[in-house]
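Colleague: got a structure for you, letters missing:
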């Protein structure tokens, strides 16, 4: 099972997908499974969500539909934040209303993502939440998820592919015929270009952009 670092703390556990639309649940599951080996649990109403969240250890993340049976918006988010202070709460909704997004963040959500954005944007936003950031990703917001891969130097792309394949710095260096020190420098540059700070987040983007 993959270890996540949320707010500087290593975490392993369950992710709850709370949505009453089967097709969207399946799509979100597929997005997450492309880059995460974790226990994914799907629920279709708030009662089931609360029951599932109480099992075993607290979930590392809850992905929450805003229009959901029994879900009371900011009130439910606030209750979940109080009950599960260490869990990442991400609201995923059809609305692109920034006022609503701000209300969810103020209630304690770590992220608010519009369902109308691309799979790339959803995954990148989730990765940013895992890294401890507060994220709002709405349709038409160019600050998140735009592919910059075509603008990366080829050597940076080569290094990113190596990261996506789970290779060590020494393995990447040997494959590319460069020194491990140079690999570290390239990785730092790749992190800066992609706006990430961990190898796992960079690896996720390598998968999402079809490099792996």
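Modeller: Nice, I can see it. Since this is a predicted model, take the numbers as computed values, not measurements.
Colleague: In stretch 165-178, which residues are buried?
Modeller: Buried residues in stretch 165-178, counted by 16 or more other C-beta atoms under 10 Å: 167, 169, 172-173, 176, 178. The way it works is simple: take the backbone N, C-alpha and C, and place the C-beta from them, glycine included.
Colleague: How far off centre is it?
Modeller: 26 Å (C-alpha atoms, centre = their mean, to the nearest Å).
Colleague: Can you give the contact residues for it?
Modeller: Residues outside stretch 165-178 that contact it (C-beta atoms under 8 Å, 6 or more residues apart in numbering): 155, 158-159, 162-163, 179-180, 182-184, 187, 203, 212.
Colleague: The residues you listed in strands, which ones?
Modeller: Using DSSP state E, no member of the contacts of stretch 165-178 falls in strands.
Colleague: Separate out the buried members of the residues you listed.
Modeller: Neighbour counting by 16+ other C-beta under 10 Å classes 158-159, 162-163, 182-183, 187, 203, 212 among these as buried.
Colleague: Who are the contact partners of the most centrally placed residue in the chain?
Modeller: The centroid of the chain falls nearest to residue 126 when counting by C-alpha atoms, centre = their mean (1.8 Å). Neighbour list for residue 126: 32, 61, 63, 90, 111, 113 [criterion: C-beta under 8 Å, 6+ apart].
Colleague: got the contact list for the third one?
Modeller: For residue 63, the set of contacting residues under the criterion of C-beta under 8 Å, 6+ apart consists of 15-19, 28, 90, 92, 126.
Colleague: Provide the secondary structure category for it.
Modeller: For residue 63, the assignment made with DSSP: H, G, I helix; E, B strand; the rest coil gives strand.
Colleague: Bridged to it, which residues?
Modeller: Counting by DSSP bridges, residue 63 is bridged to residue 17, residue 90.
Colleague: That one and residue 119: what is the separation?
Modeller: 14 Å (C-beta to C-beta, to the nearest Å).
Colleague: Overlap in contacts, these two.
Modeller: Joint contacts of residue 63 and residue 119 (C-beta under 8 Å, 6+ apart) do not exist.
Colleague: Do I have it right that residue 160 meets residue 190?
Modeller: Yes. Counting by C-beta atoms under 8 Å, residue 190 is a contact partner of residue 160 at 5.5 Å.
Colleague: Show me which of those two is the more surrounded one.
Modeller: Shown here are residue 160 and residue 190; by other C-beta atoms under 10 Å, residue 160 has more neighbours (26 against 22).
Colleague: Run a quick neighbour tally on the closest residue to the more buried one other than its chain neighbours.
Modeller: In space, and not counting its chain neighbours, residue 160 is closest to residue 206: 5.0 Å by C-beta to C-beta, 6 or more residues apart in numbering. The local packing of residue 206 (other C-beta under 10 Å) involves 23 other residues.
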